[in-house]
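[1] Quick one, fold the following:
(one chain, ligands or ions: 1)
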Amino acid sequence: MADDLRKGLEGVLVAESGLSSIDGDAGRLIYRGYSIETLAENASYEEVLYLLWHGELPTVDELEAFTASLNDERAVSDDVLATMERLADAGEEPMAALRTAVSMFSATEPEVDADHEDLEATLRKGRRITAKIPTALAAFERYRLGEAPVDPHPELGLAANFLYMLSGEEPDDVAAETFDQALILHADHGLNASTFAAMVIGSTMADIYGAVTGGVAALSGPLHGGANQDVMEVLIEIDESGKDPLEWVEEATASGRRIPGFGHRVYDVKDPRAKILQRRSEELAETGNSKWYDITTTIETYLSEEKGLVEKGIAPNVDFYSGSVYYQLGIPIDTYTPIFAMSRAGGWIAHVLEYQEDNRLIRPRARYTGPEGKEFVPLEKR
Ligand code: CMC
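    Next comes the predicted model:
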């Protein structure tokens, strides 16, 4: 067995996958052969979910049946709602609330006794989880505001319905399309940390509810999904400091501060998802407040042209522009990472299913660096 140690599993191939592929040098991302630009421009999040889970884009009839089956599963139990309310009252973080909600969904799973090797049943469970996440998350947000949850709107797609359940008002077309596009862009991304976490859990043939719960936990960290919230907090910090954004970023980099939304383990160039979200942020800025878009472009220009960060392979990632997009859509800042989870749940489920088709327990090793042969001293003599 090879003895070379690859910290962070950087560059290590652990599986084959037909789901998504990243060309980190060219800045390209595809889902099952379709470029992310094509899907973002032409498909809905539901079509992308279908593509990831079933291998092909749906026909009109297939999409209709699929969307109806998702919509049928949107309601969450009274117990989940009561827990969301308790957690909101206790000041829980939204990602922790979502993690709890996903774990609780299994209590009302009609196929709870299905054999975990029955991948059709796992797919149906995955569909239920994906349909319920927006409802639980929106309810948590409403409780935090002291408002009653809003029931799902049967006529609205997943993205528009989430915005509706959040505010109680139907979003306009621009908001609905922008949010739908953001969900498409976040749906899958190779073996990122949260997807790998879900796969590790799935590889033990544990239940899909556990795998998605683990995915939410892994995504919550600032080195992964938490960065979109950090970006918006930085933009607000700059605005409130009253400093020129250029002055702020000069000071921040001089003090060695990491700029959230920059850098990626796989991309050496600007993330293609960041380019699409940048355009959406710019469009929203044209009809609203251009402040946030202007600050982000100032930071990007400085870091790439003055500091040469992009030349060193540290370029804007998906989170750099998603923050200002969500902010302009009126979404609460600490809901950005749960939104990422809402979308990525589709990718986690697709990867677990794909891996379980030809499953092998994921079980790497560590090089032991601790002591050997220590003499045991009884407790009372220590
Ligand atoms: N700002 C300034 N310098 C940076 C940044 C940054 N955001 N990111 C990396 N670097 C530098 C880092 O200081 C190091 O420099 P040196 O070699 O001189 O010490 C070099 O780049 C390599 O950094 P690393 O941490 O070893 O690289 P990594 O591949 O392990 O890290 C990363 C990738 C995403 C954790 C890192 O770039 C980072 O912390 N970025 C900020 C957080 C962020 O935006 N995360 C979202 C990632 S994309 C969405 C997702 O997949 O969830």
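[2] Output the lowest mean pLDDT helix or strand found in the chain.
    Ranked by mean pLDDT, DSSP states H and E, the weakest helix or strand in the chain is helix 245-254, scoring a mean of 90.
[3] Around the ligand, pick out the residues from this protein.
    Listed as neighbours of the ligand in the chain under the rule CB under 6 Å from any ligand atom: 192, 223-225, 227, 258-265, 314, 317-319. In short, each C-beta sits where N, CA and C put it, glycine included.
[4] Weed out the non-buried ones from those residues.
    192, 224-225, 227, 259-265, 314, 317-319 (16 or more other CB atoms under 10 Å).
[5] Phi, psi for Asp25 please.
    Main-chain torsions, Asp25, degrees, to the nearest 10: phi -80, psi -40.
[6] What ranges does the stretch 201-350 of the chain have for its helices?
    Ranges of helices within the stretch 201-350 of the chain are 208-219, 227-241, 245-254, 272-287, 291-301, 318-328, 336-357, based on DSSP state H, counting those that start in this stretch.
[7] any idea how far stretch 213-232 is from the chain center?
    Mean-position distance between stretch 213-232 and its chain equals 7 Å (CA atoms, centre = their mean, to the nearest Å).
[8] And stretch 188-207, by the same measure?
    13 Å.
[9] And that stretch, end to end?
    20 Å (CA to CA, to the nearest Å).
[10] before we move on, what about stretch 157-176?
    9 Å.
[11] After the top helix by length along the chain, which helix or strand is next?
    The longest helix of the chain (DSSP state H) is helix 119-144. Using DSSP states H and E, the helix or strand that follows helix 119-144 towards the C-terminus is helix 158-167.
[12] gap between His351 and Gln278?
    For His351, the distance to Gln278 equals 27 Å [CB to CB, to the nearest Å].
[13] pretty sure Ala341 contacts Ala217?
    No. Shown here, Ala341 and Ala217 do not form a contact pair, counting by CB atoms under 8 Å, at 9.7 Å.
[14] Which of the two has more residues huddled nearby?
    Ala341 (26 against 19; other CB atoms under 10 Å).
[15] contacting residues for the closest residue to the ligand within the chain?
    Nearest residue of the chain to the ligand (CB to the nearest ligand atom) works out as Gly263 at 2.1 Å. Shown in contact with Gly263 (CB atoms under 8 Å, 6 or more residues apart in numbering): 314-315, 317.
[16] how much space between it and Val231?
    12 Å.
[17] With Lys132 instead?
    28 Å.
[18] now Ser194
    18 Å.
[19] With Asp294 instead?
    Counting by CB to CB, the gap from Asp294 to Val231 is 14 Å.
[20] which residue is nearest the middle of the chain?
    In the chain, the residue lying closest to the centroid (CA atoms, centre = their mean) is Phe340, at 2.8 Å.
[21] Can you tell me the closest non-neighbouring residue to it?
    Gly225 (4.4 Å; CB to CB, 6 or more residues apart in numbering).
[22] pretty sure that neighbour is in contact with Ala341, am I right?
    Yes. Counting by CB under 8 Å, Gly225 does reach Ala341; the two are 6.7 Å apart.
[23] Give the intersection of the neighbour lists for those two.
    Any residue near both Gly225 and Ala341 by CB under 8 Å, 6+ apart counts here, and that gives 95, 194, 219.
[24] from those, which is closest to Gln356?
    Ser194 (17.3 Å; CB to CB).
[25] quick one: that closest one is in a helix?
    Yes. Under DSSP: H, G, I helix; E, B strand; the rest coil, Ser194 falls within a helix.
[26] ok, it touching Thr213?
    No. Counting by CB under 8 Å, Thr213 is not a contact partner of Ser194; they are 11.0 Å apart.
[27] For the helix or strand hosting Thr38, buried residues please.
    Using DSSP H and E, the element containing Thr38 is helix 36-42. Across helix 36-42, burial judged by 16+ other CB under 10 Å covers 36-37, 39-40.
[28] Quick check: mean pLDDT of whichever helix or strand comes after that helix?
    Next in sequence after helix 36-42, counting helices and strands by DSSP H and E, comes helix 45-54. Per-residue pLDDT over helix 45-54 has a mean of 98.
[29] now helix 45-54, how far from the centre of its chain.
    16 Å.
[30] Show me what the helix or strand following it is packed up against.
    Sequence order places helix 60-71 as the next helix or strand after helix 45-54, per DSSP H and E. Here helix 60-71 touches helix 45-54, helix 119-144, going by 3 or more CB pairs under 8 Å, 6 or more residues apart in numbering; DSSP states H and E.
[31] Can you list the buried residues in the first one?
    Pointing back at helix 45-54 there. 45-53.
[32] same question, the longest one
    Of all the residues in helix 119-144, those buried under the rule 16+ other CB under 10 Å are 119, 121-144.
[33] do the same with stretch 12-30
    17, 19-20, 22, 24, 27, 29-30.
[34] for the chain, what are the low-confidence residue spans?
    For the chain, applying pLDDT under 70 flags the ranges 1-2.
[35] mind checking the end-to-end distance for stretch 103-116?
    16 Å.
[36] list the buried ones in it?
    103-106, 109, 114.
[37] With stretch 67-85 instead?
    67, 70-71, 73-74, 76, 80-81, 83-85.
[38] From one end of it to the other, what's the distance?
    28 Å.
[39] surely Leu98 meets Ala139?
    No. With contact defined as CB under 8 Å, Leu98 does not reach Ala139; the gap is 10.8 Å.
[40] Spell out the secondary structure type for Val12.
    coil.
[41] Check Phe179 too.
    Quick answer, by three-state DSSP: Phe179 is helix.
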